[in-house]
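*Asks:* Make a model of this:
(one chain, ligands or ions: 1)
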Amino acid sequence: MKKKIYILFIILICVGLGLVYFVFGERKKPIINVSPDLIYTNAQKTFQVVAKDEGLGLKQLRVILKQNMKRITVLEQVFPAKTMTWSGEFKLPKLKQGPFELLIICTDRSWNNWGKGNTSLYVKKMVYDTKAPLISLVSKKHNLSQGGAGLVVYKVSEDVTQTGVEVGKYFFPAYKQKNGLYYCLFAYPYDARPGEDMPTITALDLAENKAKSGFYYHLNKRKFRHDKINISDRFLKAKMPQFQSIFPEEKDLLHLFLRVNQDLRAKNRQELRKIGLKTADHFLFTGQFLRQPNAARKASFGDHRSYYYQGQLIDKQVHLGIDLASLAQAPVPAANNGKVVFAGFLGIYGQVVIIDHGLGLQSLYAHLSQIDVQEGESVRKGQIIGRTGSTGMAGGDHLHFGIVISGLPVNPVEWWDLNWLKNNILDR
Ligand SMILES: [Zn+2]
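*Replies:* Now for the predicted structure:
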């Protein structure tokens, strides 16, 4: 009898020890997370480490950087009991330019491994880079006009995530060519401030080091025309119903007009910037751009328009294309070779076709009554793409022709001029 109790006692102890080991010797490793998840980094980045344990809690964490034979501990933390999650930050110390290893070791309070606990290891190969890329200019003279275009050609010393030309609030992306050079078609925007908004080439490398480089240019300032436009009740009654569904809350036609002329115009400009990114990385066009034949110019690029209603000034906007009028529903030819990137209704432009010619360069044909092409279609210079009309914000039948660079309208006249094209674009 005594022997039986004795055996039972031993069994109970074993079960007890097993239970203790089961609870205190849990095998769930801590989980380590590091953000941001980068490979290339500069010295400015702050990294966040989050450690979690689902068992008995965290015990210790160390962040170590390994470069060549050197090991640098940048963070060491011993946790109080029952710390289930912890988060902390670290910055990189000064390292040598080039590869290094990020090592994070975290253990928990488990009795597993003869009391050493469960250990998680986070290893990541990274690159330390604090040097901005080097920009070297290849193109020379740059002759710009306010509202006009230019092309810079340059080299960048390393891989980049973004490069192009900044002018004031605008950014024009560059496109890498097969020869390794970057071509950037940019505008000196119609609303940029000469003397203040200088075109600057920028390049952001993989570690987010940003290089900036100015370049010599000559700017021809331009005076834009001023134009008075009288908004009649007849115009409001004829044109506003097509926009009612966009602003259903505007019951008054004049208010609706102002919403369209301001808010919808601004929204459509934003849409142009998105469409501007749908572009080929090389030029698709050849020679000068075609102007609608037998059409009279009714409004110019950059016209500063003042809108009047019953003798009162109600709005001011800038006209960013050229209005050409001929016969009603006249055929509209594609100004150059390219690919249709938009065909349909686009707010103030009405029925519109946008053709991409590469490097962000696009031509725009607005207020059409008929569209004969589809998105994705390649077109040749002179091919009829539709017919003129007065859809959108157009008083009468005409073609609003625009040239757009990465979403910003520029003066189309330059693109009709073979000499300008040769000197400023094609010879680069
Ligand atoms: Zn127009």
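*Asks:* how about the helices in the chain?
*Replies:* 2-24, 233-239, 253-259, 265-276, 413-416, 418-421 (DSSP state H).
*Asks:* Let me know whether the fourth one sits next to the ion.
*Replies:* No - using C-beta under 5 Å from the ion, helix 265-276 never reaches the ion; the gap is at least 11.6 Å. Every residue, glycine included, has its C-beta placed from N, CA and C.
*Asks:* Could you give the average pLDDT over that helix?
*Replies:* On average, the pLDDT along helix 265-276 is 98.
*Asks:* Next, report how far it is displaced from the centre of its chain.
*Replies:* Here the centre of helix 265-276 is set off from its chain's centre by 13 Å, with C-alpha atoms, centre = their mean, to the nearest Å.
*Asks:* please renumber so the chain begins at 48
*Replies:* Renumbered: residue one is now 48, and that last one reads helix 312-323.
*Asks:* looking at the helices of the chain, which one has the lowest mean pLDDT?
*Replies:* Among these, helix 49-71 carries the lowest mean pLDDT (a mean of 74).
*Asks:* Run through the residues of the stretch 48-197 of the chain sitting next to the ion.
*Replies:* Counting by C-beta under 5 Å from the ion, no residue of the stretch 48-197 of the chain is near the ion.
*Asks:* Going by proximity to the ion, name the top residue of the stretch 48-197 of the chain.
*Replies:* residue 194 (14.6 Å; C-beta to the ion).
*Asks:* which residue sits closest to that residue in space, ignoring its chain neighbours?
*Replies:* residue 237 (3.9 Å; C-beta to C-beta, 6 or more residues apart in numbering).
*Asks:* dump the residue contacts of the one you found.
*Replies:* 193-194, 271, 348-349, 365, 367, 456-458 (C-beta atoms under 8 Å, 6 or more residues apart in numbering).
*Asks:* from these, which single one is nearest the ion?
*Replies:* Distances from the ion to those, taken by C-beta to the ion, are shortest for residue 367, at 8.0 Å.
*Asks:* Just the contacts of residue 237: which are in strands?
*Replies:* Residues of these located in strands (DSSP state E): 365, 456-457.
*Asks:* who wins for neighbours among the residues you listed?
*Replies:* residue 457 (27 neighbours; other C-beta atoms under 10 Å).
*Asks:* Of the contacts of residue 237, select the buried ones using a PyMOL command.
*Replies:* Restricted to buried positions by 16 or more other C-beta atoms under 10 Å, the PyMOL selection for those reads:
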select buried, resi 193+194+271+348+349+367+456+457+458
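*Asks:* Residue 135 pairs with what?
*Replies:* Beta-bridge pairing for residue 135 (DSSP bridges): residue 96.
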